[in-house]
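*Asks:* Pasting the sequence and the predicted coordinates here, then a few questions.
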Amino acid sequence: MSFLDGVRRRARANLRRIVFPEGADERTLEAVVRLSRDTLAIPIVIGGELTAVDLDRMGAPQVQVVDPAHDIRRPAMAALLHQRRGARGMTEE
């Protein structure tokens, strides 16, 4: 067994979520498709409707795509971020 085979075996045994913030980048999408196809991680992609279409076209329709502009958690996350960073000058807007 090679070193990479061992890494892949451990990754499959202990699946982790990995968030990919560059959902519009073709290289990112290729990595996400490979991770999903090989069951090495549970990828979550930050992107929009076009990102979901691209992933579907590339053969990974089951990958979760989160659109921050339309996510229902956005107001709560903005409030939490403001609470934590407001003392450093971050405004709620």
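*Replies:* Nice, I can see it.
*Asks:* Need the nearest residue in space to L81, chain neighbours excluded.
*Replies:* Excluding the flanking residues, the one nearest L81 by CB to CB, 6 or more residues apart in numbering is M90, at 7.1 Å. Using the backbone N, CA and C atoms, a C-beta is placed for each residue, glycine as well.
*Asks:* List the contacts of the closest residue in space to L15 that isn't next to it in sequence.
*Replies:* Leaving aside its sequence neighbours, L15 sits nearest to I42 (CB to CB, 6+ apart; 5.6 Å). If you count contacts by CB atoms under 8 Å, 6 or more residues apart in numbering, I42 has them with L15, R16, R17, I18, Q64.
*Asks:* Would you convert those into TSV that also reports distance to L35 and secondary structure?
*Replies:* Formatted as TSV, those follow (distance: CB to CB, whole Å; DSSP: H, G, I helix; E, B strand; the rest coil):
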residue	distance to L35	secondary structure
L15	10	coil
R16	10	coil
R17	11	strand
I18	7	strand
Q64	12	strand
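*Asks:* Could you single out the nearest of these to E49?
*Replies:* Taking CB to CB as the measure, E49 lies nearest Q64 of the contacts of I42, at 13.7 Å.
*Asks:* my guess is the closest one contacts A41, does it?
*Replies:* No. Using CB atoms under 8 Å, Q64 is not in contact with A41, being 11.8 Å away.
*Asks:* quick check, distance from the helix or strand encompassing L55 to the centre of its chain.
*Replies:* Using DSSP states H and E, L55 maps to helix 49-57. In terms of CA atoms, centre = their mean, to the nearest Å, the gap separating the centre of helix 49-57 from the centre of its chain is 13 Å.
*Asks:* Now do the buried residues in it.
*Replies:* Neighbour-count burial for helix 49-57, counted by 16 or more other CB atoms under 10 Å, picks out T51, A52, D54, L55.
*Asks:* and the last one, what does it touch?
*Replies:* For L55, the contact set (CB under 8 Å, 6+ apart) comprises L29, V32, V33, V45, P61, V63, V65.
*Asks:* excluding its backbone neighbours, what's nearest H82?
*Replies:* E92 (4.8 Å).
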